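1. mind looking at a prediction? Sequence and model below.
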2 protein chains.
Amino acid sequence: MPRAATTSDAFNAVGDPCRRAILSLLASDEQGVTAIGANLGLEQPSVSKHLRVLKDVGLVRVRRDGRQMLYRTNAEVIKPIHEWTSKFERFWQHQLKRIKERAESQTVLQDKE
Amino acid sequence: MPRAATTSDAFNAVGDPCRRAILSLLASDEQGVTAIGANLGLEQPSVSKHLRVLKDVGLVRVRRDGRQMLYRTNAEVIKPIHEWTSKFERFWQHQLKRIKERAESQTVLQDKE
DNA sequence: TTGACATATTCCCATATGGGAATGTAATCT
DNA sequence: AGATTACATTCCCATATGGGAATATGTCAA
């Protein structure tokens, strides 16, 4: 079987840099497709297609306003990703601690010289 | 241009469920390829290929031990993902608050009936 | 209705997988 | 050296994009 579809889950959808930019942009304000494209320097069809993916996994909500479609980020769907990465938090803290300790021991050595 | 390569960054590499499982498995212990496959029910070539991707983006470190290659998760590379998702934390908190408030107002209505 | 504006969708295409099978390679054992 | 163990890589293939261009759809204004 081929690669999993980007529409399969939030992890996959967020893998694309353009889509991450869109999510950041729409986190606080709703915006229309054209505005999004202008903000990020993307073609309109490209924006529409990315929004389609984001909508399919629930990462954005849509609302019609006249001829505009106003999109907004649905942050709740990002939460599972945040939680998954949180499981590793203690590990990178340990690593930083190790790095810090090593740095300090080297400092000690330098002081001795 | 086609889709970005999974080897391009941690976000993309983590998009695959198998690779997330591998990262979780190798977070606390180093393990050989065969052991990883046995733990996750994956074929050896498949494991090797996923590990290759993970290694290319720095998500795992390798160490040779005799004929075994012991892999271990390098959690620091997960940190940027954690930080990116953290930017949205306040938004889903707001949403939960809103949901909670609505639930409470409904409870009030129910009490009135 | 006609025209303009805002989006969505479809086509075409080069590229990137991911899985399975088979094969190549490195290290250990006898 | 020859056999075995542990991995890595390569082939083949069906599928999934993502971008650009062109077109279809939906809404509002005159």
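-> Good, I have the coordinates. Residues are numbered from 1 along each chain as shown, chains lettered A, B, ... in the order given.

2. got the residues of chain A near chain B?
-> A:3-4, A:6, A:11-12, A:14-17, A:20, A:23-24, A:27-28, A:73-76, A:78-79, A:81-82, A:84-89, A:91-92, A:95-96 (C-beta under 8 Å from any C-beta of the partner chain). (Glycine included, C-beta is placed from N, CA and C.)

3. run the last query once more with 6 Å
-> A:11-12, A:15, A:27, A:75-76, A:78-79, A:81-82, A:85, A:88, A:91-92, A:95 (C-beta under 6 Å from any C-beta of the partner chain).

4. in helices only, show me these.
-> Judged by DSSP state H, the subset of those located in helices is A:11-12, A:79, A:81-82, A:85, A:91-92, A:95.

5. which of the residues you listed sit farthest apart?
-> Largest separation among these by C-beta to C-beta: A:12 and A:95, giving 27.2 Å.

6. where does pLDDT dip in chain A?
-> A:1-7, A:96, A:100-102, A:105-113 (pLDDT under 70).

7. on that earlier part again, neighbour-wise, which of residue A:12 and residue A:95 wins?
-> Using other C-beta atoms under 10 Å in any protein chain shown as the criterion, residue A:12 and residue A:95 rank with residue A:12 on top: 22 against 14.

8. the more buried one against residue B:15, yeah?
-> Yes - between residue A:12 and residue B:15 a contact is recorded at 4.3 Å, counting by C-beta atoms under 6 Å.

9. ok, for the residue nearest the centre of chain A, nearest residue in space, not its chain neighbours?
-> Nearest to the mean C-alpha position of chain A, by C-alpha atoms, centre = their mean, lies residue A:20 at 4.3 Å. Counting by C-beta to C-beta, 6 or more residues apart in numbering or on different chains, residue A:20 lies nearest to residue A:14, which is 6.0 Å off, once chain neighbours are set aside.

10. tell me how far the one you found lies from residue B:28.
-> Residue A:14 is 25 Å from residue B:28, where distance means C-beta to C-beta, to the nearest Å.

11. now residue A:62
-> With C-beta to C-beta as the criterion, residue A:62 and residue B:28 are 42 Å apart.

12. about what we covered before: ramachandran coordinates for the residue nearest to the centre of chain A?
-> The phi/psi pair for residue A:20 (degrees, to the nearest 10) reads phi -60, psi -40.
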